[in-house]
Each structure stands twice: as structure tokens, then as C-alpha cells.
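In: Need the 3D shape of this:
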Amino acid sequence: MPGHPSRTVFLATALVAMAACDATARTDDRGSRLPAPPGTIAETRDPAAAALAAVVRRRIGGRTISTARYFRMQPAIAWNAVSTFVAGKRGTDGRPPKPRFVDGGLDLIDVYPAAAGRPAFAVAMAHDAAADGTKLVGYFDLAD
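Out: So this is what the prediction gives:
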């Protein structure tokens, strides 16, 4: 139904998140993400990325991280905007998977099961801002 308040809020949140990513890419001379996809976390040589991957490893139940990509987000972008955006792209109902994890130093970790020929993956966001004021978001493809 047109004009439904929750739909309007979702669309506005998604647009703000996409605009923030674009703005970061133009103003950050290092690029908006670290090299992707690195084979191992050691290739990134970023302590924040290593910490993010370590926490995700504790929550993926025996699976391994096959690839990892990292994105620098504007500090105003909240975890719920990131989580909802990813869920809308992946899920059929637009909701994040259950259970959702809160772990030390992270706002949240969402772990998505394999579906429709796509591998399982996890998305996590560092709670604390980096030295440059951005927040680090990690996207991790998982293997059994």
C-alpha cells in the first residue's frame, strides 16, 4: 500500500545507507573498503578487521570464513540500517536471521544460512569508530 509508514521508513533508511557509502568513497582517498576478497585476514593487515573477523569466527559454529570484505561506513549509519539493508537483499521477508548475536566490541552479527545456491555468510559491524571516524562493516562468506 502506498505511503505505508514502515515502508517509507525502510526506503528512507536504505537510501541514506547507500548515499553514505557513496559519500565515503568520494572523500576517503584510501577507498571505501579494504582489498576484496582477501584470502585470509592477515592479508588486510588491519587490526580492526582482524578483531571483527575473530569475533565472527566465535559465532559461526564450525564453519570457516572463505572470503572477507570490509567497508568503511559513515559514523551516523546505525547497525539496524546495515542489517535491514542486507536482510532486504537476501531474505524473502526482509527480516534479519535468527538468532542475532551481540558480542564484545560489536553492535551485532547476523549469520545467514546458505539459500538458493548462495553460500552462508555473516555481516558484522564494529561498535567503536575507527581512528578516522568511520565504522567498519565486515561481510564474510562462510564455508562448511
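In: how near is Arg59 to Pro97?
Out: In this view, Arg59 and Pro97 are 12 Å apart by CB to CB, to the nearest Å. C-betas here are computed from N, CA, C, even on glycine.
In: what is in contact with the two at once?
Out: With contacts taken as CB atoms under 8 Å, 6 or more residues apart in numbering, the residues that reach both Arg59 and Pro97 are Val111.
In: Can you list the helices and strands that the helix or strand harbouring Phe85 packs against?
Out: Taking DSSP states H and E as the definition, Phe85 sits inside helix 79-90. In this structure, helix 79-90 packs against helix 5-27, strand 106-112, strand 121-126, with contacts taken as 3 or more CB pairs under 8 Å, 6 or more residues apart in numbering; DSSP states H and E.
In: Pick out the shakiest of these, pLDDT-wise.
Out: The minimum mean pLDDT among the helices and strands packed on helix 79-90 belongs to helix 5-27 (a mean of 52).
In: in whatever helix or strand comes next after that one, what counts as buried?
Out: Counting by DSSP H and E, the element after helix 5-27 in chain order, helix or strand, is helix 47-59. Residues Ala48, Ala49, Ala51, Leu52, Ala53, Val55, Val56, Arg59 are the ones in helix 47-59 that count as buried (16 or more other CB atoms under 10 Å).
In: Show me what helix 47-59 packs onto, helices and strands only.
Out: The criterion is 3+ CB pairs under 8 Å, 6+ apart, and the helices and strands that helix 47-59 contacts are strand 64-73, strand 106-112, strand 121-126, strand 135-143.
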